[in-house]
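# Please work out how this folds:
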Amino acid sequence: MVQHVIDAAAQPYAPEGLARKDVCGIDGFLAVDMRVGTIVAAEPFAAARKPAYRVRVDFGPVVGVLETSAQITHYTLESLIGRQVVGALNLGEKRIAGFKSQFLILRALAPDGSVHLLAADGAPPNGAPIA
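As a prediction, the model looks like this:
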């Protein structure tokens with residue numbers, strides 16, 4: 001039998017090396033306001049310590065446009081504009097290099113830590129809740 005050894009430094013997000021998180025219950029899940037939005041603007045964020053973009057996302061008529069900083073620089077700026085993403089809106093604001101990040105863009109992490117943006121299937125309207 002071949003035993004696989006994971007190099008945690010090279011693959012910090014390898015699924016086989018990550019334990020499951022504690023149960024948070026349905027109330028914990030439903031407490032997070034996750035919605036679909038469309039990226040309307042993106043630009044380099046030179047003041048950030050790690051390579052990042054400043055991103056503006058339209059979450060529809062109730063929420064409006066929110067801004068965030070995201071380490072998604074392996075995507076080109078042009079490929080981001082018009083792309084639908086999923087955001088967690090009520091985690092609290094965070095100051096990043098003098099910039100107010102208002103939400104978290106959800107993404108999947110590859111074993112090496114590279115990110116893949118999450119998006120809804122089809123074309124739900126901006127502001128559609130994630131359930």
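# what are the phi and psi values for the closest residue to residue 64 other than its chain neighbours?
Distances taken as Cβ to Cβ, 6 or more residues apart in numbering place residue 58 nearest to residue 64, at 7.4 Å, with adjacent residues excluded. From N, CA and C alone the C-beta is placed, and that goes for glycine too. When read as degrees, to the nearest 10, the backbone of residue 58 gives phi -90, psi 110.
# got it, and residue 104?
phi -120, psi 120.
# Just list whatever residues bridge to it.
residue 88 (DSSP bridges).
# Can you give the distance of the helix or strand residue 36 falls within from its chain's centre?
Here residue 36, judged by DSSP states H and E, is contained in strand 34-44. Offset of strand 34-44 from its chain centre (Cα atoms, centre = their mean, to the nearest Å): 10 Å.
# So residue 86, which state does it fall into?
Under the three-state scheme (DSSP: H, G, I helix; E, B strand; the rest coil), residue 86 adopts strand.
# Skipping adjacent residues, who's closest to residue 15 in space?
Once flanking residues are discounted, residue 15 sits nearest to residue 111: 7.2 Å by Cβ to Cβ, 6+ apart.
# related to what we said a few turns ago, list the contacts for the residue nearest to residue 64?
37, 38, 40, 64, 65, 126 (Cβ atoms under 8 Å, 6 or more residues apart in numbering).
# Report the buried members of those.
37, 38, 126 (16 or more other Cβ atoms under 10 Å).
# one step back: orientation of the strand holding residue 36 relative to strand 84-88 in degrees?
Relative orientation of strand 34-44 and strand 84-88, computed by axes from the mean of the first three to the mean of the last three Cα atoms, to 10 degrees: 110 degrees.
# what's strand 34-44 in contact with?
53-60, 63, 65-66, 73, 77, 80-89, 106, 119-120, 124-130.
# Can I get it in CSV? Just the C-alpha atoms.
Extracted in CSV, the C-alpha atoms of strand 34-44 (Å, rounded to 0.1, in the frame of the first residue of the first chain):
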residue,chain,number,x,y,z
MET,A,34,-24.5,35.5,1.4
ARG,A,35,-25.7,37.0,-1.9
VAL,A,36,-24.9,37.0,-5.6
GLY,A,37,-23.5,40.1,-7.1
THR,A,38,-21.8,41.3,-10.2
ILE,A,39,-18.3,42.9,-10.3
VAL,A,40,-18.6,46.4,-11.7
ALA,A,41,-15.0,47.6,-11.1
ALA,A,42,-11.6,46.2,-10.2
GLU,A,43,-8.2,47.8,-9.9
PRO,A,44,-4.8,47.0,-8.4
